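# just the structure for this:
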Amino acid sequence: MSLTHCKSKAEASETEAAESPEFEALFNQQWDRICRVLYRLVGDWAEAEDIAIDAFLRLHQRPPKEKQNLNGWLYRVAMNLGINSLRDRKRRQRYEGEAGRIIFDENAPPDPERTLEHQQERERVRTSLASIKPRSAKLLILRHSGFSYAEIADALQISPGSVGTLLARAEREFKKKFE
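Here you go, the predicted structure:
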């Protein structure tokens with residue numbers, strides 16, 4: 001990779017300072033070595049190059065105060081970025097795995113025994129509702145559907161004050177038939 005390729009990935013304002021002879025010499029001297037080290041760490045050449053670019057970009061944006069150990073600083077930054085990349089990858093894999101399990105569980109074929117039990121229970125509920133007074137059945141269905149007492153009173157044309165009493169009676173009547 002060349003400095004010009006690195007420049008194309010960095011922002012325009014950063015390329016002016018990157019053209020300094022010191023930076024260019026360091027880039028040319030260290031680029032391949034840093035990429036190889038990062039490749040051994042992350043196992044993907046494109047990702048290693050991206051991390052190396054980030055390391056050189058950080059060098060450009062915030063150079064270390066001690067100029068004598070610039071190579072060590074650059075490798076330390078590159079390795080830290082590589083390790084962070086591995087952590088991100090591990091975290092991403094965990095989240096994707098959890099999401100996959102959730103999707104699988106939600107889309108798993110239903111358990112035939114459980115499906116049969118639900119069908120039988122629904123049939124018992126319908127039979128019990130059919131055997132109680134029609135107004136009681138309507139009260140229970142509306143309440144179970146989330147209607148408020150006022151809405152039930154309006155729908156069945158009864159006094160709002162009597163909904164609670166009528167609902168309690170309907171529940172007792174249903175319970176007798178259901179059991």
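
# I'd say Leu86 and Arg40 touch.
No. Using C-beta atoms under 8 Å, Leu86 makes no contact with Arg40, being 11.8 Å away. All C-beta atoms are positioned from the backbone trio N, CA, C, and that covers glycine.

# between these two, which one's more packed in?
Ranked by neighbour count (other C-beta atoms under 10 Å), Leu86 and Arg40 place Leu86 first, with 13 against 10.

# sec struct for that one, please.
In three-state terms, and counting by DSSP: H, G, I helix; E, B strand; the rest coil, Leu86 is helix.

# what residues are up against it?
Leu41, Val42 (C-beta atoms under 8 Å, 6 or more residues apart in numbering).

# pull up the gap between it and Arg126, please.
Distance, Leu86 to Arg126, by C-beta to C-beta, to the nearest Å: 57 Å.

# immediately after the helix-or-strand element of the chain with minimal mean pLDDT, which helix or strand?
The helix or strand of the chain with the poorest confidence is helix 12-18; it has a mean of 43 (mean pLDDT, DSSP states H and E). For helix 12-18, the following helix or strand on the C-terminal side (DSSP states H and E) is helix 21-42.
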